[in-house]
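Colleague: my questions concern the predicted model and sequence given below.
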Amino acid sequence: MATLYEDTNAHELRTLLEEVHNGVSVLPEFQRDFVWDAPAVAELILSVASNFPAGSILRIRNSKAYFASRGFDGAPPPKSTPTFLVLDGQQRQTSLYQAFYGVGPNRFFIDIGKLMAGEDLEDALFHCRADKQPATRLLPKANSTEARAEALARQAEALVFPLGSLRGSLDAFNTWKGEIIKHRPEREDAVALMNLFTKLDEVASRWIAPIHAYRFPVVTLSDETSAEAICTIFETLNRTGVKLSPFELLTARFFPQNINLRTLWSEAQQRHPTIEEFDLDPYVVLQAITLRVTKPVSVKRGALMNLTGDQIRAHWDDTTKALAEALIFLREECGVTTPKWLPYGSMLAPLAAVVADHPIAAAGAGAGARRARLKCWFWRASLGQHYESAANRRAELDVEQLPAWFAGGAAPDSVTSFRFDPADLEQITPRQRATYRSLMCLVMAGGARDFHSNQRITAALMRANSVDDHHLFPLDFLGETNRRSPNPRFDNILNRTLIDAGTNRSIGANSPAIYLNLIDGVQGRSQVDEILASHGIAGGTCEALRTGAFDAFLERRREYFGSVIDKATTIPSSVVAEPA
């Protein structure tokens with residue numbers, strides 16, 4: 001009798017990534033696209049470097065080639081018939097491949113100086129867009145020996161290691177170490193040089209060697225597995241897949257103390273329906289409690305694991321209430337209508353922690369002033385990508401600094417560090433998830449109305465009318481045929497807004513000059529113009545849309561976004577101080 005399993009052994013991460021790079025391991029064409037954002041990738045890197053379990057990989061030998069296939073996102077296209085099709089583990093393998101091979105939209109780095117100073121990898125790991133600083137400064141500007149040498153000199157000066165050159169191997173780090181020594185001032189002093197070598201070796205041993213040795217459990221299905229069985233397996237995986245978090249471990253830890261975190265979470269969802277609607281990981285409550293009770297403020301995993309049962313009992317109810325209050329605030333005042341549009345989930349724990357001790361739902365000028373400052377904080381932190389890296393440290397600082405700002409002190413770093421260039425709007429596509437979501441939230445916060453019902457867009461209406469983000473100038477009309485990775489000029493935020501499914505079907509591949517006339521015939525032009533205006537498409541912007549003038553439309557809509565961004569990010573000029 002044929003067995004379903006060919007192999008159930010652990011495989012080295014670097015070998016799995018080589019198979020992705022060489023086209024040995026690919027994806028079935030029916031797999032969804034890569035969807036993890038950079039913070040999620042950073043969390044996975046931390047787990048791997050800490051030698052924590054990160055799930056398993058399920059694949060099938062591809063000798064019968066049942067399905068069309070494609071390479072992993074960012075990997076070279078396969079040059080021959082692939083050996084394996086990956087059914088489960090795409091997001092993790094793509095994340096690590098892009099991070100360790102230096103491809104994809106983001107680049108990841110380790111601040112070696114911080115590790116040498118004794119800080120955790122959690123604080124030393126950071127990332128940025130590939131086309132932004134510090135990637136453009138630290139990485140080669142061209143594929144040449146001279147450009148690589150210049151980049152190494154800059155990396156040596158900053159003592160920053162680009163993870164994109166690691167490829168999961170300790171050898172790559174050791175090669176880098178030998179290269180940067182040539183550019184370090186310590187090379188002029190034998191004692192200083194030996195000390196530097198020692199510290200770099202300690203970093204390699206503590207953080208890089210575990211990546212080199214990391215192994216994923218891999219289940220390889222036999223090529224005797226039928227196509228029907230593969231489809232069933234894939235359907236089951238996509239229906240039942242659950243991302244585990246430290247909440248599971250803490251649930252087990254507190255159970256002997258008669259604290260059932262699952263029961264507490266279920267009760268909190270019943271008391272506060274908004275929490276259930278946002279489908280949150282209950283871990284966020286434990287993070288918020290940790291931020292409130294640790295001194296100095298910390299939300300690192302070690303601090304979470306040191307939570308006590310008494311702290312849970314004392315702070316669970318008011319923290320979950322504050323979380324619900326924070327979600328209502330985000331929905332009603334910041335346009336975060338559904339979980340899909342939350343720019344950074346990592347902003348919720350510090351927001352809940354701050355609101356728990358400084359309520360914003362209470363009557364009075366003090367609560368109003370706090371809300372105004374929190375709105376400014378939300379827009380500046382999300383549009384400025386403040387939580388894009390080192391999210392835990394950002395959360396700690398905000399919990400320390402926001403209350404001081406409420407009391408009339410200096411604005412927090414997350415507010416004062418804000419920078420946004422409207423010239424970048426034409427490059428912001430759904431792939432720039434946090435910034436894109438923030439901008440769409442600005443549209444919703446401005447009162448965007450549904451094209452079908454002419455009602456203000458709410459979570460309930462989005463569900464009822466299947467409202468989602470779509471193109472105003474259809475890609476087909478613009479001549480863009482690449483659906484998987486469209487030209488950013490056509491796919492950016494300027495050319496997208498929230499449209500119900502029925503209206504989007506009527507748009508099809510037509511010019512706006514055609515489809516708007518059809519909608520006018522049903523609703524009347526004046527009403528359609530009012531709906532468009534609620535999406536920031538008024539005056540000359542509306543005229544450019546109606547006449548199909550794409551370039552003029554982009555320019556006018558950029559002006560709209562620039563104006564609403566300026567308004568949303570303006571720092572409130574007055575404050576009602578907190579009582580002593």
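Modeller: Structure received.
Colleague: contacts, neighbours, all on C-alpha from now
Modeller: Noted.
Colleague: and the chain, what are its domains?
Modeller: Taking automatic domain parsing as the domain assignment, the record places the domains of the chain at 5-103+214-240, 109-184, 246-419, 423-568.
Colleague: among those domains, which is nearest Leu200?
Modeller: When the domains of the chain are compared by Cα to Cα, domain 109-184 sits nearest Leu200, at 7.2 Å.
Colleague: any idea which helix or strand in the chain has the lowest mean pLDDT?
Modeller: Taking all helices and strands of the chain together, the one with the lowest average confidence (mean pLDDT, DSSP states H and E) is helix 227-240, at a mean of 65.
Colleague: and stretch 184-198, how far apart are its ends?
Modeller: Looking at stretch 184-198, the gap from its leading to its trailing residue is 14 Å under the measure Cα to Cα, to the nearest Å.
Colleague: just stretch 207-227 next, same as before
Modeller: With Cα to Cα as the measure, the ends of stretch 207-227 fall 41 Å from one another.
Colleague: helix or strand right after the least confident helix or strand of the chain?
Modeller: Sequence-wise, the next helix or strand downstream of helix 227-240 (DSSP states H and E) is helix 246-254.
Colleague: could you say what helices and strands that following helix packs with?
Modeller: In terms of contact count using 3 or more Cα pairs under 8 Å, 6 or more residues apart in numbering; DSSP states H and E, helix 246-254 is assigned the packing partners helix 261-271, helix 283-293.
Colleague: now the domains of the chain as JSON lines including distance to Asp201?
Modeller: Compiled in JSON lines, those are given as follows (distance: least, Cα to Cα, whole Å):
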{"stretch": "domain 5-103+214-240", "distance to Asp201": "15"}
{"stretch": "domain 109-184", "distance to Asp201": "9"}
{"stretch": "domain 246-419", "distance to Asp201": "24"}
{"stretch": "domain 423-568", "distance to Asp201": "36"}
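Colleague: confidence-wise, which of those domains is weakest overall?
Modeller: Taking the mean pLDDT of each of those, the lowest value is held by domain 5-103+214-240, a mean of 87.
Colleague: now that domain, how far from the chain's geometric center?
Modeller: Between the mean C-alpha location of domain 5-103+214-240 and the chain-wide mean there is a distance of 21 Å, by Cα atoms, centre = their mean, to the nearest Å.
Colleague: please apply the same query to stretch 505-514.
Modeller: With Cα atoms, centre = their mean as the basis, stretch 505-514 stands 32 Å off its chain's centre.
Colleague: list of residues touching it?
Modeller: With Cα atoms under 8 Å, 6 or more residues apart in numbering as the test, stretch 505-514 has contacts from 472-477, 515, 545-548.
Colleague: would you map the strands across this structure?
Modeller: Counting by DSSP state E, the chain forms strands over residues 5-7, 10-12, 25-28, 57-61, 69-70, 84-88, 106-111, 125-129, 160-162, 215-221, 468-471, 496-499, given from the N-terminal end onward.
Colleague: which of the ones you listed sits closest to Ala349?
Modeller: Distances from Ala349 to each of those were compared by Cα to Cα, and the smallest falls on strand 125-129, at 20.0 Å.
Colleague: export that closest one as CSV, just CAs?
Modeller: What follows is the C-alpha trace of strand 125-129 in CSV, where atoms were taken according to Å, rounded to 0.1, in the frame of the first residue of the first chain:
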residue,chain,number,x,y,z
LEU,A,125,16.8,44.6,14.2
PHE,A,126,15.3,47.2,11.9
HIS,A,127,13.9,47.5,8.4
CYS,A,128,12.9,50.0,5.8
ARG,A,129,11.6,50.2,2.2
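Colleague: given it, what are its sheet partners and their directions?
Modeller: Strands flanking strand 125-129 in the sheet, each with its direction: strand 106-111 (antiparallel) (DSSP bridges).
Colleague: just put the domains of the chain in JSON lines and tack on mean neighbour count.
Modeller: Written out in JSON lines, the entries for the domains of the chain read as follows (neighbours: other Cα atoms under 10 Å):
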{"stretch": "domain 5-103+214-240", "mean neighbour count": "18"}
{"stretch": "domain 109-184", "mean neighbour count": "17"}
{"stretch": "domain 246-419", "mean neighbour count": "19"}
{"stretch": "domain 423-568", "mean neighbour count": "18"}
